[in-house]
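**Student:** Structure for this input, please:
(chains A, B and C)
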Amino acid sequence: MDTENLLKGLNDRQREAVLATEGPVLILAGAGSGKTRVLVHRIAYLIGEKGVDPGSILAITFTNKAAGEMRQRVDAMVGSDAGRIWVMTFHAFCVRVLRQFADRIGYTRSFTIYDTDDQLALIRSIYKEKNLSDKIAKPKSVLGTISQCKNELLRAEDYKADPRNPYQQQAAKVFALYEQKLKENNAMDFDDLIGNAVRLLESDEDARGILNRRFRYLMVDEYQDTNGAQFKLVSLLTEEHRNLCVVGDDDQSIYRFRGADIRNILDFEKRYKDAEVIKLEENYRSTQTILDAANSVISNNKGRKSKTLWTSNGKGGPIRFIRYPTSFDEASGIVRDIKESVAGGKRRYSDHAVLYRTNAMSRLIEEKMLLMNVPYRIVGGVNFYSRREIKDVMAYLKLLVNSDDDLAAARVINVPKRGIGATTLQKAAEYASDGGLTLFDAFCGADRIETLSKKAADKCRGFAELILKLREESKALPVSETVGKVLEETGYVAELKLEGTDESKERIENLQEVVSKAVQYEGEAEEPSLEGFLEEVALIADIDTVDEDADCVLLMTLHAAKGLEFPAVHIAGMEENLFPSAHAVGELDGGEAVEEERRLAYVGITRAKEELTLTSAKERMVNGNRMLGQTSRFVMEIPRELVEMAGDEQPKRDPFAGSGDGGFYGAAFGRRFSDEASFGKPPRAFGRSSSYVSRKNSREEKEVSSLYSGKGAAKKPAPAADAAGLGYAEGDRVRHVKFGTGTVKEIRDGGRDFEVTVDFDGWGTKKLFAAFAKLKKL
DNA sequence: TATATAGTGTTTTTT
DNA sequence: ACACTATATA
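**Tutor:** Numbering: from 1, shown residues only, chains lettered A, B, ... in the order given. As a prediction, the model looks like this:
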């Protein structure tokens, strides 16, 4: 392939970007400007024209999806050697590096990766163990603080807590303990993957040299989303050769809340004085009208790299703005609109997307979709891999690989039920921590735990033997069969089958899906291993499984829509205090937060190829309160000649009166909707809870953490070991305060407590727990 | 262990 | 409003 041929079909700026291979390069790629295309061509050029070894090219993305897409396109363009190019996410790359050099930073190769749920469980276990109050600092907030620190490469010992600030005091304490536990468990959280890679590169000159020489050409996609740690990582990786090409769009930086530092892209030229800067402003996606709207809205932001999108596409139709009386009407309106456009033969369902600011807004729209028989799919929501049953199997697998993982051990010791309750677990945990052993070690040598009854010790040892047996067997088996064996031999599936509910059936299906994933993994991986499988699962989000062929409307948050495009886009909830959010409006940061919301609006608008419909509601239920909303300032920032207004109720003040370029609309500043509501209860004010990290369902984590080294368990009913204290036996006549007299039919060991079946005179047979029943022998 | 009840927290999210 | 979590109780 010759250069001319390779550059064919690229515009001048794109060509420049492809040819700028040496030294630092910043590609400012506007929405829809073909940046992936540029990156792929750049890689092809490096290999085909400059004779660069494919194995020395590293392309880093944020999401698996982006990595997958780029991989596919690179494969198609480069041919047989493409497999040797490293195209992966930040996290996946760091894991590869850390596995290789694990021993140099005090880990073993088989370290496990903790996700957000695991992190929270670990923190809760620390709270239990140290008897900490969540009044002063909530586990979630502390986790947020820890994560923030890690994003900036701040270690526990560097965290300076204000002595007068009890939250910080506790956060500092928990942070230190958390770090210690991670190390003990031979585990890293997501932030550590980056942080430890940085630490490795900083402290180990040899490793740094090896990696600098290995990866001569580095490309980073979505550079505006990088945080402090990722910035440092990239700097260290390119220290020697400085062949760093970053691609991003400061106008699409929407992840500040999770640590992204927009300065990384804004200051790139300051940091690299010789950087070549290339702007891609030609858009291949949208109509000129849509781009004009986007340009106009984003021009209200200060402190950005100026950039104006243009296209040779046609002008297209006007942007529609419809203000509905209520959020219910809005939902019906959107669905009706979509339905009509499909019925008219103009579009397919899959041409449409409905975007909104918060997940909570999906419900109303979903209900209308169901009601009106419109096929839809909600993107986002609960991750497949965060479901309880999935996390349970994964915990088993983690334990097979890494004995040090106490969290995994605690999670599955009594799943399925083995009659090993909180008390037993607590005793084992104490024994382990006293002797500097892992929990798994304690189970292995349970006979030596003096505080345990013979029975309890037997059960613990039985569990340990089961794990050891599975571990032995797994060595000779493919991953999928190991997964199957775990499901089988632990009795996990058997217990679910016994339940026989719809829910348990679904869980079994999900587990089957894990086996399928394992089979798939075996087919794809070069050297399949249990570690490798766990790693892949840990780093995967199930959004990657969107079925693109299905003809249905996609519903998602504006954030989730980034990187996607649709012929027709509907953005719902264009109201002040909703979008921009009340949080952002109330923030006293000189408008930074609102600017981020505006970037989000920019992202939303630029998703549309042909049609853009903005909607709002005059009245909406928010957190159970009826709120009145004024039209979002972002609507008003669109030049009026681009907009076709509809709806039976227009904003009181004509948003377009006076100036043509979006005067701000001050009436709603800093106010909640309800301030203007003449009905409904006053809203409960939100507390100023600082930050939070996960919205995931973690009921199952709760169970584990309360079992795990729980001080609370001490207050709980008498343990099995106290059986002798019951004072009655099967066949005895007993008295109960409420049920009167009866005969003891059966006494069963229920793990934590004895389950006593009593046939009460006149009340029939009842199952009671010994500690509560307080039965008196007659 | 299982369930009922009271309490809490509510923007956005990847890995 | 509503989902999730902690607790209290039998």
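
**Student:** what's the spacing between the residue of the stretch 451-600 of chain A found nearest DNA strand C and DNA strand B?
**Tutor:** The stretch 451-600 of chain A approaches DNA strand C most closely through residue A:503 (12.9 Å), counting by CB to the nearest atom of the strand. For glycine as for every other residue, the C-beta is placed from the backbone atoms N, C-alpha and C. Using CB to the nearest atom of the strand, to the nearest Å, one gets 12 Å for the distance from residue A:503 to DNA strand B.

**Student:** Confirm that that residue sits in a strand.
**Tutor:** No: counting by DSSP: H, G, I helix; E, B strand; the rest coil, residue A:503 falls outside a strand, being helix.

**Student:** That one: how many residues sit nearby?
**Tutor:** Neighbour count for residue A:503, taken as other CB atoms under 10 Å: 10.

**Student:** likewise the one 4 residues further on?
**Tutor:** When neighbours are counted by other CB under 10 Å, residue A:507 registers 20.

**Student:** Quick check: it touching residue A:496?
**Tutor:** Yes: counting by CB atoms under 8 Å, residue A:507 touches residue A:496, with 5.5 Å between them.

**Student:** Can you check which residues contact both of these two?
**Tutor:** residue A:389 (CB atoms under 8 Å, 6 or more residues apart in numbering).

**Student:** just so I have it, where are all the helices in the stretch 401-550 of chain A?
**Tutor:** Secondary structure of the stretch 401-550 of chain A (DSSP state H, counting those that start in this stretch): helices located at A:406-412, A:422-435, A:439-444, A:454-474, A:479-489, A:492-499, A:502-524, A:530-538.

**Student:** distance of the closest residue to residue A:238 other than its chain neighbours from residue A:276?
**Tutor:** Leaving aside its chain neighbours, residue A:238 sits nearest to residue A:244 (4.3 Å; criterion: CB to CB, 6 or more residues apart in numbering). Distance check for residue A:244 against residue A:276: by CB to CB, to the nearest Å, it reads 11 Å.

**Student:** Quick one: low-confidence residue ranges for the stretch 351-500 of chain A.
**Tutor:** The model of the stretch 351-500 of chain A has pLDDT under 70 over residues A:381.

**Student:** In it, which residue sits nearest DNA strand B?
**Tutor:** For the stretch 351-500 of chain A, CB to the nearest atom of the strand, closest residue to DNA strand B: residue A:359, 3.4 Å.

**Student:** and the residue nearest to residue A:238, how many neighbours?
**Tutor:** The burial count for residue A:244: 22, using other CB under 10 Å.

**Student:** Just list whatever residues bridge to it.
**Tutor:** residue A:218 (DSSP bridges).

**Student:** ok, it touching residue A:215?
**Tutor:** No: using CB under 8 Å, residue A:244 is not in contact with residue A:215, being 10.3 Å away.

**Student:** who's in contact with residue A:41?
**Tutor:** Per CB under 8 Å, 6+ apart, neighbours of residue A:41: A:6, A:7, A:10, A:14, A:18, A:77.

**Student:** Can you pull the phi/psi pair for the fifth one?
**Tutor:** Which is residue A:18. Reported as degrees, to the nearest 10, the phi and psi values for residue A:18 are phi -70, psi -40.

**Student:** Just the buried residues of the longest strand along chain A, please?
**Tutor:** When chain A is parsed with DSSP state E, its longest strand is strand A:608-622. By 16 or more other CB atoms under 10 Å, the buried positions in strand A:608-622 come out as A:608-620, A:622.

**Student:** now do stretch A:94-104
**Tutor:** For stretch A:94-104, by 16+ other CB under 10 Å, it's A:94, A:95, A:97, A:98, A:99, A:101, A:102.

**Student:** quick one: least confident helix or strand in chain A?
**Tutor:** helix A:699-707 (a mean of 29; mean pLDDT, DSSP states H and E).

**Student:** and the next element down the chain from that helix?
**Tutor:** Next in sequence after helix A:699-707, counting helices and strands by DSSP states H and E, comes strand A:733-736.

**Student:** How far does that following strand sit from its chain's centre?
**Tutor:** Remark: strand A:733-736 is offset 54 Å from the chain centroid, using CA atoms, centre = their mean, to the nearest Å.

**Student:** Would you list the phi and psi of the residue of chain A found nearest DNA strand C?
**Tutor:** Nearest residue of chain A to DNA strand C: residue A:624, at 2.9 Å (CB to the nearest atom of the strand). The phi/psi pair for residue A:624 (degrees, to the nearest 10) reads phi 80, psi 0.

**Student:** Also residue A:189?
**Tutor:** Dihedral angles (degrees, to the nearest 10) for residue A:189: phi -90, psi 180.

**Student:** In space, what's closest to it - neighbours in sequence excluded?
**Tutor:** Residue A:189's closest residue in space is residue A:114 (CB to CB, 6+ apart), at 4.7 Å.

**Student:** Then residue A:491?
**Tutor:** According to CB to CB, 6+ apart, the nearest residue to residue A:491 is residue A:416 (5.0 Å).

**Student:** And for that neighbour, the neighbour number?
**Tutor:** 14.

**Student:** Tell me if I'm right that it and residue A:493 touch.
**Tutor:** No: taking contacts as CB under 8 Å, residue A:416 lies outside contact range of residue A:493: 9.0 Å.

**Student:** quick one on the thing from earlier: now do the residue of the stretch 451-600 of chain A closest to DNA strand C, the pLDDT please.
**Tutor:** In this model, residue A:503 is scored at 77, pLDDT.

**Student:** Spit out the contact partners of it.
**Tutor:** Applying CB under 8 Å, 6+ apart to residue A:503 gives no contacts.

**Student:** Report the contact partners of the closest residue in space to residue A:256 that isn't next to it in sequence.
**Tutor:** Sequence neighbours aside, residue A:596 is the residue nearest to residue A:256 in space, at 5.4 Å (criterion: CB to CB, 6+ apart). Remark: with contacts taken as CB under 8 Å, 6+ apart, residue A:596 is in contact with A:253, A:254, A:256, A:257, A:584.

**Student:** Ramachandran angles for the last one?
**Tutor:** When you say that, I think you mean residue A:584. According to degrees, to the nearest 10, residue A:584 has phi -70, psi -40.

**Student:** Isn't it up against residue A:600?
**Tutor:** No: if you go by CB under 8 Å, residue A:584 and residue A:600 don't touch, sitting 9.4 Å apart.

**Student:** quick one: which of the buried residues of stretch A:94-104 sit in helices?
**Tutor:** Residues of these located in helices (DSSP state H): A:94, A:95, A:97, A:98, A:99, A:101.

**Student:** How much space separates the third one from residue A:260?
**Tutor:** The one in question is residue A:97. From residue A:97 to residue A:260 the distance is 22 Å (CB to CB).

**Student:** following the strand or helix carrying residue A:193, which helix or strand comes up?
**Tutor:** Taking DSSP H and E as the definition, one finds residue A:193 inside helix A:190-203. With elements assigned by DSSP H and E, the helix or strand that comes after helix A:190-203 is helix A:205-214.

**Student:** do you know how far residue A:427 is from residue A:582?
**Tutor:** 49 Å.

**Student:** can you check residue A:158 too?
**Tutor:** 34 Å.

**Student:** Which one of those two is surrounded by more residues?
**Tutor:** The residue with more neighbours, out of residue A:158 and residue A:582, is residue A:582; 19 against 10, by other CB under 10 Å.
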